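**Q** Sequence and predicted structure are below.
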Amino acid sequence: MNEVDTFAEVQPIMLAKEQPSFVRTAYVEDVIKRAHLYIQAGYPIHFSGPAGTGKTTLAMYLAAQLSRPIILIHGDEEFGTSDLVGSEFGYRRKKLVDNFIHSVLKTEEDMIGRWVDNRLTVACKHGFTLIYDEFTRSKAEANNVLLSVLEERILDLPAARGIEGYLRVNPNFRAIFTSNPHEYAGVYKTQDALRDRMITIKLSHYDRDTEVAIASAKSGIPSSDAEKVVDIIRALRDQDKNGDIPTIRAGIMIGKVMRLSGSNASSSDEGFVQCCLDILDSETDSVDRKIDIKGKILDLIKEIC
């Protein structure tokens, strides 16, 4: 019988329930309240939205509120079922030499596979909270194992594990998923059976007040400067056909550079202007290049600042 070394490769993480850096506004409070209600009812939560909408941050904060250890998985195109459930990693060799009778030498060798549980198995067995970030980056075949886990609360295990053919999921197990449906490169369509087992909360870019609060809190610049930076970003975002870029991450970048350099959100501050050009121009590669992006950025800076 194989020996199971559950924690040889996987260690859960703990997050403090109170997170001072987490920005709470009416919009964020509403999302967290709904998601917490659904997950307490036993349903997996799926935060879906474009980049920069705080999916992973919300998932981590929600998981922290459950006061359970967290197992984190990042979706990957190379994932297979074993990357979620576990597999054999190396072997254990056992050799017995019996020379009780000096004229008789008896040797016996045994080699067995060394099974290591992977993240999903560990979370299901011990009732941890699973965060599967960008799960649509993994192929549907790899994620099929989740179907029975989320519905029947049973995890099918490979015969090589050598103990039981299945594992009953711990009642404390909870699952939170995130995905970006707008990214076409390296993203797979979610199978209907899996999507049907979770509650999806569709996220969009935050309202202005929330973006200002995030930019100020994460970068350390005054709210008055954060307002101007956010207004430039929101105006420039309207130029994108999908309305997705630039994201609030650009505002945080600009704010951190401003704080480090001592710049102000002013059209007369050359450091601030150049910082906006460098960051925002790189953020808008997908915008129709018939538009003079740098010219648009300069016009917005003059108008707003």
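**A** Now that the structure is in, tell me what you want to look at. Only a predicted model underlies this, so the values are computations on that prediction, with no experimental measurement involved.
**Q** where do the strands sit along this structure?
**A** Here the chain has its strands, by DSSP state E, at 45-48, 70-74, 86-98, 106-117, 129-133, 154-156, 166-168, 174-179, 199-202.
**Q** lowest-confidence stretch among these?
**A** When these are compared by mean pLDDT, strand 86-98 comes last with a mean of 62.
**Q** centroid residue for the chain?
**A** By CA atoms, centre = their mean, the chain has its centre lying nearest to Asp133, at 3.1 Å.
**Q** Leaving out chain neighbours, which residue sits closest to Ala213?
**A** Spatially, and ignoring its direct neighbours in sequence, Ala213 is nearest to Val23 (4.9 Å; CB to CB, 6 or more residues apart in numbering). In this view, the C-beta of every residue, glycine as well, is placed from N, C-alpha and C.
**Q** tell me the contacts of Arg137?
**A** Counting by CB atoms under 8 Å, 6 or more residues apart in numbering, Arg137 makes contact with 74-77, 186-188.
**Q** typo on my end, Ser179
**A** So Ser179 contacts 46-48, 55, 75, 134-136, 187, 190 (CB under 8 Å, 6+ apart).
**Q** So for the residues you listed, which is the shakiest by pLDDT?
**A** Least confident of the contacts of Ser179 in the model: Val187, at 74.
**Q** List the contacts of it.
**A** Applying CB under 8 Å, 6+ apart, the residues near Val187 are 136-137, 179-181.
**Q** Ile297: which of the residues you listed is nearest?
**A** Nearest to Ile297, judged by CB to CB, of those is Asn180 at 25.1 Å.
**Q** thinking that closest one is in contact with Phe47, fair?
**A** No - the criterion here is CB atoms under 8 Å, and Asn180 misses it with Phe47 at 9.9 Å.
**Q** distance of Leu155 from Lys189?
**A** For Leu155, the distance to Lys189 (CB to CB, to the nearest Å) stands at 24 Å.
**Q** more crowded one of the two?
**A** Leu155 (21 against 9; other CB atoms under 10 Å).
**Q** you'd agree that one is up against Gly165?
**A** No - assessed by CB under 8 Å, Leu155 is found out of contact with Gly165, at 10.2 Å.
**Q** how near is the closest residue to Phe272 other than its chain neighbours to Asp231?
**A** Distances taken as CB to CB, 6+ apart put Ser263 closest to Phe272, at 4.2 Å, once the chain neighbours are dropped. Distance, Ser263 to Asp231, by CB to CB: 17 Å.
**Q** same deal with Thr81?
**A** Using CB to CB, Thr81 is found at 48 Å from Asp231.
**Q** Now for the residue nearest to Ala213, how many residues are close by?
**A** 20.
**Q** Who are the contact partners of Leu300?
**A** By CB under 8 Å, 6+ apart, the neighbours of Leu300 are 231-232, 235-236.
**Q** Count the residues that sit near the closest residue to Gly52 other than its chain neighbours.
**A** Nearest residue to Gly52, sequence neighbours excluded (CB to CB, 6+ apart): Thr247, at 2.4 Å. By other CB under 10 Å, 19 other residues sit near Thr247.
**Q** what does Glu303 give?
**A** With other CB under 10 Å as criterion, Glu303 counts 11.
**Q** And the pLDDT for it?
**A** 92.
**Q** returning to what we had before: turn the contacts of Leu300 into TSV, columns for pLDDT, distance to Met14 and neighbour count.
**A** Converted to TSV, the contacts of Leu300 look like this (pLDDT from 0 to 100; distance: CB to CB, whole Å; neighbours: other CB atoms under 10 Å):
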residue	pLDDT	distance to Met14	neighbour count
Asp231	96	38	19
Ile232	95	39	24
Ala235	92	41	15
Leu236	89	39	22
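**Q** quick one: which of those is nearest Ile301?
**A** Ile232 (6.4 Å).
**Q** Just give the nearest non-adjacent residue to that closest one, would you?
**A** In this structure, Ile232 finds its nearest non-sequential neighbour in Leu300, 4.9 Å apart by CB to CB, 6+ apart.
**Q** do the same with Arg197
**A** Of all residues not flanking Arg197 in the chain, Leu150 sits nearest, at 4.2 Å (CB to CB, 6+ apart).
**Q** now swap in Tyr43 and tell me
**A** Using CB to CB, 6+ apart, the closest residue to Tyr43 is Ile199 (4.9 Å).
**Q** Same question for Met60.
**A** Among residues not flanking Met60 along the chain, Leu15 sits closest, at 6.3 Å (CB to CB, 6+ apart).
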